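[1] quick one, structure for this:
(one chain, ligands or ions: 1)
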Amino acid sequence: MVFGRRPASAGACMTDIRLSCVQCGAGYAMGVVQTCTACGLSEGILDVVFDIAAARKTLTRDALAKRERSHWRYRELLPLADDFTPVQPDVGWTPLIEAPRLAQAIGIRRLRLKDDGRNPSGSFKDRPSSLAVAMALAQGAKSIATASTGNTASSLACSAAAAGLSCYIFVPGTVPEGKLAQLLAYGATVFKVAEGYAAAYDLCNEACAAFGWYNRNCAINPYLVEGKKTGGLEVAEQCADDPPDWVSASVGDGCSIAGIEKGLRQMREVGIIEWSARMLGVQAADCAPVMDVWRRFESGDAGATLKIDPTATTYADSINCPVPRNWRKAVNAVRESNGGYVSVSDEQIMAAVRETGRLTGVFAEPAAATAVAGVAEAVKQGVIPRDASVVAMITGNGLKDTAGAMKAVGRAHDVKATLAGIEQVVSESRICERQSP
Ligand SMILES: [Zn+2]
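    Sure thing, here's the model as predicted:
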């Protein structure tokens, strides 16, 4: 077995890939900085810019047909060395599942689910985390770190374990015990910071600087959106001859929907597809700062910026993000695709967890089911017409958050060990069967 094989140095083979500041446009070579030195840590987010003309020559449908069935198949559009060999070859290329009964329940012509719960650690975040680990290996790092309580942490611990890197995770002291299990099972060193998430985040950045650990923190690492982009690249390829009108994704920090939109756009730029889809951003009504700023842009306030309510909170923990660091990218992604935002209540999210499981066989965590709840809400509001075809991004497996799922789903029946008790339950559930789609 080959663990921790070090690819060639990141800068060596990729002269046609550079970094550009989203704020001021300053250009940088790969591997030099993580944020724009002029604009600083919070505003100077860098974007990876590829040579699309060069990619067009080799990234073709014929070439893709012969490639590995993982997200590494799009190497022309990833910041990787030419001789890159993945240490975690099973990330991505997740199935696109027809959901006719769920579509009928929502009242829409067609719905497909992109089930990213089937990634190695069970979430969409395996895409950026596996890329972060590849970048860390390319730079010769031995250790990698992040501050997170959720899927980011577990996916990083998973990818690091596959690569043989040491992994350090900073979590708030209040982290639920259940969430620790996956991290510890993958062998991560977990620091519980009593002072809370913001302190854990700052401490992680300090520790990375002090100990030379590779920093996966999304707000300052320009490569993570490229990993998230592969979700969009795959939707484009899987729907190449059968395009959706809309792609729905839940929005927390804002980085994921921006990555998905970038992926769809780049597949059009390289000529794999000729269509574009409109992005539906879905936020939880009780924590919807990105939708709020999008709405102000749409009503003509060109200088709209984020309004922060640190007390905003939602049941869907993976998008429980009152201070989204990538709101600008998330607003732009939806506006550039001529899309829209909707918000849904926690009750609507719970219903979507239940109905998605019951009507498709896909067990979605609350933040993933939010994408489905958003489609239903957008149809109700007339944002998405009933004759539309939609893809909903299922960004995490329901087993990630069984406590959250239990709030949404039904209950088991307590019965005595007699057939009579079973008969009564069965006759009641037959009534339900006749009423359901
Ligand atoms: Zn700048």
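[2] name the nearest residue to the residue of the stretch 201-350 of the chain found nearest the ion, ignoring sequence neighbours.
    Using CB to the ion, the point where the stretch 201-350 of the chain gets nearest to the ion is P222, with a distance of 11.9 Å. Backbone N, C-alpha and C define where each C-beta goes, glycine included. Using CB to CB, 6 or more residues apart in numbering and skipping residues adjacent in sequence, the residue nearest P222 is L46, 3.9 Å away.
[3] point out where the protein drops to low pLDDT.
    Of all residues in the chain, those with pLDDT under 70 make up the ranges 1-15, 32, 149, 219, 431-437.
[4] get me the contact residues on it for the ion.
    C21, Q23, C24, A26, C36, A38, C39, G44 (CB under 5 Å from the ion).
[5] closest to R278 among the residues you listed?
    The shortest distance between R278 and any of the residues of the chain next to the ion, using CB to CB, involves Q23 and amounts to 26.3 Å.
[6] tell me, how many residues neighbour the closest one?
    Here the count is done by other CB atoms under 10 Å, and Q23 has 17 residues near it.
[7] and it, what does it touch?
    Applying CB atoms under 8 Å, 6 or more residues apart in numbering, one finds that Q23 lies in contact with C36, C39, E43, G44, I45.
[8] one more time with 10 Å
    Taking CB atoms under 10 Å, 6 or more residues apart in numbering, we find Q23 in contact with T35, C36, A38, C39, G40, S42, E43, G44, I45, L46, R328.
[9] next one: phi and psi at it?
    Backbone geometry at Q23, expressed as degrees, to the nearest 10, gives phi -90, psi -50.
[10] would you mind measuring from it to W327?
    The gap separating Q23 from W327 is 13 Å, by CB to CB, to the nearest Å.
[11] and for V391?
    Applying CB to CB, one obtains 23 Å for the distance of V391 from W327.
[12] these two: who's more crowded?
    The residue with the greater number of neighbours, taking V391 and W327 and applying other CB under 10 Å, is V391; the counts read 27 against 24.
[13] quick check: the more buried one is in a strand.
    Yes: V391 sits within a strand when classified using DSSP: H, G, I helix; E, B strand; the rest coil.
[14] tally of neighbours for Y223?
    Applying other CB under 10 Å, we find 22 residues neighbouring Y223.
[15] so it makes contact with N215?
    No: with contact defined as CB atoms under 10 Å, Y223 and N215 do not form a contacting pair (11.1 Å).
[16] overlap in contacts, these two.
    Q34, A132, A136.
[17] closest one of those residues to the ion?
    When the shared contacts of Y223 and N215 are compared for distance to the ion (CB to the ion), Q34 wins out at 12.5 Å.
[18] got the contact list for that closest one?
    Under the criterion of CB under 10 Å, 6+ apart, the neighbours of Q34 are 19, 28, 41, 44-46, 215, 217, 219-223.
[19] so which of those residues sit within strands?
    Secondary structure of these is defined by DSSP state E; positions in strands are L19, Y28, L46, N215.
[20] most neighbours among the residues you listed, please name it.
    Of all the ones in strands among the contacts of Q34, L46 has the most neighbours under the rule other CB under 10 Å, reaching 26 neighbours.
[21] thinking again about what came up before, tell me the two of the contacts of Q34 that are most distant?
    The most widely separated members of the contacts of Q34, counting by CB to CB, are Y28 and N217 (18.3 Å).
[22] tell me where the stretch 51-200 of the chain has helices.
    If DSSP state H, counting those that start in this stretch is used as the criterion, the helices of the stretch 51-200 of the chain fall at 52-58, 61-65, 100-106, 126-138, 151-163, 177-185, 197-211.
[23] tell me how far the fourth one lies from the chain's centre.
    Think helix 126-138. Taking the mean C-alpha point of helix 126-138 and that of its whole chain, the gap between them comes to 15 Å (CA atoms, centre = their mean, to the nearest Å).
[24] need the CA coordinates for it. PDB is fine.
    Listed in PDB are the C-alpha atoms of helix 126-138, where the atom choice follows Å, rounded to 0.1, in the frame of the first residue of the first chain:
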ATOM      1  CA  ASP A 126     -14.900  15.500   1.500                       C
ATOM      2  CA  ARG A 127     -14.400  17.300  -1.700                       C
ATOM      3  CA  PRO A 128     -12.600  20.400  -0.300                       C
ATOM      4  CA  SER A 129     -10.900  18.400   2.500                       C
ATOM      5  CA  SER A 130      -9.400  15.900   0.200                       C
ATOM      6  CA  LEU A 131      -8.100  18.800  -2.000                       C
ATOM      7  CA  ALA A 132      -6.700  20.500   1.200                       C
ATOM      8  CA  VAL A 133      -4.800  17.300   2.100                       C
ATOM      9  CA  ALA A 134      -3.500  17.100  -1.500                       C
ATOM     10  CA  MET A 135      -2.300  20.700  -1.300                       C
ATOM     11  CA  ALA A 136      -0.700  20.100   2.100                       C
ATOM     12  CA  LEU A 137       1.200  17.000   0.800                       C
ATOM     13  CA  ALA A 138       2.300  19.000  -2.200                       C
END
